[in-house]
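1. Need the 3D shape of this:
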Amino acid sequence: MSPTTLPAGPEHGHVTFLGAGPGDPGLLTLRAVEALAHADVLVAEQEVLDVVRTHARPGVLVVDTDSDPSGDLSSGPTYGPTPGTGAPQLTIVDGASTTAGVPAVRDAAHLVMEAARGGRRVVRAVSGDPGLDAYAAEEMLACAAAGVPFEVVPGVAAAVGVPAYAGVPLRDAEGADVRFVDARTASDRCWTEVGASDGTVVVSATLESVAAAAGELVSAGRKPDTPLTVTVAGTTTRQRTWIATLGTIAQTLKQAKVLPSPQGARPVIAVVGERSAAAQREQLSWFESKPLFGWRVLVPRTKEQAASLSDQLRSYGAVPHEVPTIAVEPPRTPQQMERAVKGLVTGRYEWIAFTSVNAVKAVREKFEEYGLDARAFAGIKVAAVGEQTAKALVAFGVKPDLVPSGEQSAAGLLEDWPPYDPVFDPIDRVFLPRADIATETLVAGLIELGWEVDDVTAYRTVRASPPPAETREAIKGGGFDAVLFTSSSTVRNLVGIAGKPHNVTVIACIGPATAKTAEEHGLRVDVMAPEPSVHKLAEALAEFGLRRRAAALEAGDAVTRPSERRPGARRRRTTT
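-> Numbering: from 1, shown residues only. You can find the predicted model right below:
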């Protein structure tokens, strides 16, 4: 696609200084999401881009202020489809220093000003809250001096958000004093003032400097046995919190093997005071105690199929990773499908039954090919095998007449399907658009109920292309904590395109047939859903994680993820 130039506008555009919060994308405000959706240019550091980028509109020009120089902002955004996804490819234009001796803040201010030319709507996103970012303040002054209108969208400050996610309240009913200190810029006078106070002190530091900050507080008058918590990667699924005292924090971090470390410059939030005591945190640590906290869970489905399942896994603290194991293609001989769709219009069928979202998609595409829409279903009863398929029909404009009240499967659909009655059913035929590899359970059951069935291949399922090498290595090397198998074909296809999951990976299967296939491939099944539902499968995995966590705590062991176990460690089989 050729470069696209943004439409002309007034000499100066508009800049929104936006707080992206401490790391959890869920902490973005509604106003922040609205501003991102209307931005022409998005300027941010890489770690902030990871938080806000998904809310930006397709075609936005993204300026990464951490990159090396590679372009300018004068020609507008250049973008096209990302290979294999169909999504717009965002062009990253860097904002690193191009003039020797000029501070980085001046470069960022220049980028914002240049981006605002031509009437563009610019979002300058910063970590935490813009009011606590000195560089953002400089850029606001530059806008004011140049007459560029701007607004500020506050965000959750790390010094407040991280302790909340760590289960460390900063103030109780007694209303004790709370002081905030940035250890990177604090003066001797500042340390003296906070050291003389007996209130809570929130210190922004790094892993390698937090012990020195603790020493400053002790030198200023705080007792060495004053408790503190130190949290790294706060509000993200990489969050980790240590409990110690001002006098022992250095040794605690050393024993935890996080120092010395090449990542010692990672920012941390330390909370000093009685409110950071271990007993209180054990009761209030709601985030890190989620059942699957930090678990990398492999979901062998496409992003579209896995959307609600991935959201459910995230609610348990997991990090879902979708890997498609099948690809959907049109049938080799489309004539059968074409005749069936024409039969819908001419009144050939009493019912149409959809057994998957892909079946809905296949019929919808055929409708669009013929210039038809949901009105063609008038007078026809519509059945859906489950909630996800029903949602796809509603999105098409069709409200299903029958969805299983119990098990969401072919068997569940048959349980509620009425037998054919020649008095009330003028037509005895059912249209069943399905995959080429579908089982005969539903067809046989409908025939037994007295119905004639047109079992039509609406789409073919073929094995997907192998995932990237990094993903394949993680699967075989134990980089994933769990994998969810939702059918026997997902087992066969995943092993075929990516290899067998490592023996430390927790294997969760949707039912006995899928579990049997997994065992045939040499996998030990740890979790089985109590009923054939992907959401019940995720619940079962979360319950497994809770029991695993409770057992570690009862034994006095550290709570670890399965992938953190020693390579080759034996794993007990605990099927649920």
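
2. Ramachandran coordinates for the nearest residue to Val559 once chain neighbours are set aside?
-> Nearest non-adjacent residue to Val559, counting by C-beta to C-beta, 6 or more residues apart in numbering: Ala552, 4.9 Å away. All C-beta atoms are positioned from the backbone trio N, CA, C, and that covers glycine. Main-chain dihedrals, Ala552, degrees, to the nearest 10: phi -60, psi -40.

3. All further residue positions should be reported with the first residue as 20.
-> Sounds good: first residue 20 from here, last item Ala571.

4. where do the helices sit along the stretch 20-169 of the chain?
-> Ranges of helices in the stretch 20-169 of the chain, per DSSP state H, counting those that start in this stretch, are 49-56, 65-71, 123-134, 153-165.

5. Out of the ones you listed, which is closest to Ala284?
-> Smallest distance to Ala284 across those (C-beta to C-beta): 12.8 Å, for helix 65-71.

6. Okay, Cys528 and Ala195: tell me how far apart.
-> 51 Å (C-beta to C-beta, to the nearest Å).

7. The two: who's more crowded?
-> Cys528 (29 against 15; other C-beta atoms under 10 Å).

8. in terms of contact, does that one touch Ser507 like I think?
-> No. When contacts are counted by C-beta atoms under 8 Å, Cys528 is not listed as touching Ser507 (9.1 Å).

9. residues shared between the contacts of the two?
-> Common neighbours of Cys528 and Ser507 (criterion: C-beta atoms under 8 Å, 6 or more residues apart in numbering): none identified.

10. Poorly predicted segments of the stretch 220-369 of the chain, please.
-> Residue ranges of the stretch 220-369 of the chain with pLDDT under 70: 294-298, 322-324.

11. Try it again at 80.
-> Applying pLDDT under 80 to the stretch 220-369 of the chain flags the ranges 278-283, 293-301, 320-326.

12. which residues in it form strands?
-> Secondary structure of the stretch 220-369 of the chain (DSSP state E, counting those that start in this stretch): strands located at 246-251, 259-264, 286-291, 315-318, 338-341, 345-348.

13. ok, now which ones touch the residue of the chain most remote from its centre?
-> Distance from the C-alpha centroid of the chain, by C-alpha atoms, centre = their mean, peaks at Val442 (52.2 Å). Val442 makes contact with no residue under the criterion C-beta under 8 Å, 6+ apart.

14. show me where pLDDT drops low in the protein?
-> Those would be 20-31, 84-128, 136-137, 191-195, 278-283, 293-301, 320-326, 426-427, 456-458, 584-595, if you go by pLDDT under 80 across the chain.

15. For the longest strand anywhere in it, name the packing helices and strands.
-> For the chain, the longest strand by residue count, based on DSSP state E, is strand 471-482. Applying 3 or more C-beta pairs under 8 Å, 6 or more residues apart in numbering; DSSP states H and E, we find strand 471-482 packed against strand 345-348, helix 354-365, helix 376-388, strand 448-454, helix 460-467, helix 507-517.

16. just how off-centre is whichever helix or strand comes after the second one within its chain?
-> In this case it means helix 354-365. As assigned by DSSP states H and E, the chain's next helix or strand after helix 354-365 is strand 370-373. Here strand 370-373 is found 34 Å from its chain centre; the criterion is C-alpha atoms, centre = their mean, to the nearest Å.

17. Just the residues contacting strand 370-373, thanks.
-> Here strand 370-373 has contacts from 363, 379, 382, 396, 399-404, 408, 411-412, 419, 432, 448-452, 461, 465, 470, using C-beta under 8 Å, 6+ apart.

18. Show me what Ala144 is bridged to.
-> Leu37 (DSSP bridges).

19. wait, isn't it in contact with Gln65?
-> No. If you go by C-beta under 8 Å, Ala144 and Gln65 don't touch, sitting 11.2 Å apart.

20. Ala269 is in contact with Ala230, isn't it?
-> Yes. Contact status for Ala269 versus Ala230: in contact at 3.8 Å, counting by C-beta under 8 Å.

21. and for those two, which residues touch both?
-> With C-beta under 8 Å, 6+ apart, Ala269 and Ala230 have common neighbours Leu278.

22. Give the residue from these two that has the larger number of neighbours.
-> Ala230 (22 against 16).

23. pretty sure that one is touching Thr271, no?
-> No. Between Ala230 and Thr271 there is no contact under C-beta under 8 Å: 9.2 Å.

24. a markdown table for the strands of the stretch 220-369 of the chain, including mean neighbour count and distance to Gly496?
-> Listed next are those as a markdown table, based on neighbours: other C-beta atoms under 10 Å; distance: least, C-beta to C-beta, whole Å:
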| stretch | mean neighbour count | distance to Gly496 |
| --- | --- | --- |
| strand 246-251 | 25 | 25 |
| strand 259-264 | 20 | 22 |
| strand 286-291 | 26 | 29 |
| strand 315-318 | 24 | 12 |
| strand 338-341 | 20 | 14 |
| strand 345-348 | 16 | 24 |
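
25. Around Gln274, count how many other residues there are.
-> Quick note: Gln274 (other C-beta under 10 Å) scores 12 neighbours.

26. Next: Ser506.
-> Neighbour number of Ser506 under other C-beta under 10 Å is 20.

27. mind listing what the spatially closest residue to it that is not a sequence neighbour touches?
-> Distances taken as C-beta to C-beta, 6+ apart place Thr533 nearest to Ser506, at 5.8 Å, with adjacent residues excluded. Contact analysis of Thr533 by C-beta under 8 Å, 6+ apart lists Phe504, Thr505, Ser506, Ser507, Thr509, Val510.

28. Return a selection command, for use in ChimeraX, containing the buried ones of the residues you listed.
-> To isolate the buried members of these in ChimeraX, using 16 or more other C-beta atoms under 10 Å:
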select :504,505,506,507,509,510
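
29. so which of the helices of the stretch 20-169 of the chain gets nearest Gly253?
-> Of all the helices of the stretch 20-169 of the chain, the one in closest proximity to Gly253, counting by C-beta to C-beta, is helix 65-71 (12.7 Å).

30. Spit out the contact partners of Gly40.
-> So Gly40 contacts Leu46, Leu47, Val70, Ser146, Gly147, Gly174, Val175, Ala177, Gly180, Thr254 (C-beta under 8 Å, 6+ apart).

31. Check the gap between the fourth one and Thr255 for me.
-> Okay, so that is Ser146. From Ser146 to Thr255 the distance is 12 Å (C-beta to C-beta).

32. Among the two, which residue is more densely surrounded?
-> For Ser146 versus Thr255, the count of surrounding residues by other C-beta under 10 Å is larger for Ser146: 22 against 19.

33. how near is Thr255 to Ala39?
-> The value you get for Thr255 to Ala39, if C-beta to C-beta is used, is 12 Å.

34. ok, the longest strand of the chain: who's next to it in the sheet?
-> For strand 471-482, pairing defined by DSSP bridges yields strand 345-348 (antiparallel), strand 448-454 (parallel).

35. Make CSV from these and add distance to Glu538 to it.
-> Shown next, in CSV, are the strands paired with strand 471-482 (distance: least, C-beta to C-beta, whole Å):
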stretch, distance to Glu538
strand 345-348, 21
strand 448-454, 25
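
36. Quick one: closest of these to Ala559.
-> strand 345-348 (23.1 Å).

37. For Pro441, which non-adjacent residue is spatially closest?
-> In space, Pro441 is closest to Asp447, 7.4 Å off (C-beta to C-beta, 6+ apart).

38. That should have said Ser146, apologies.
-> What sits nearest to Ser146 in space, not counting adjacent residues and going by C-beta to C-beta, 6+ apart, is Val67, at 5.4 Å.

39. residues in contact with Ser507?
-> Counting by C-beta under 8 Å, 6+ apart, Ser507 has contacts Ala532, Thr533, Lys535, Thr536.

40. what about the third one, which SS state?
-> At Lys535 the chain is in helix, as set by DSSP: H, G, I helix; E, B strand; the rest coil.

41. what residues are up against it?
-> Lys535 neighbours (C-beta under 8 Å, 6+ apart): Ser507.

42. separation between it and Met547?
-> Taken as C-beta to C-beta, the span from Lys535 to Met547 is 11 Å.
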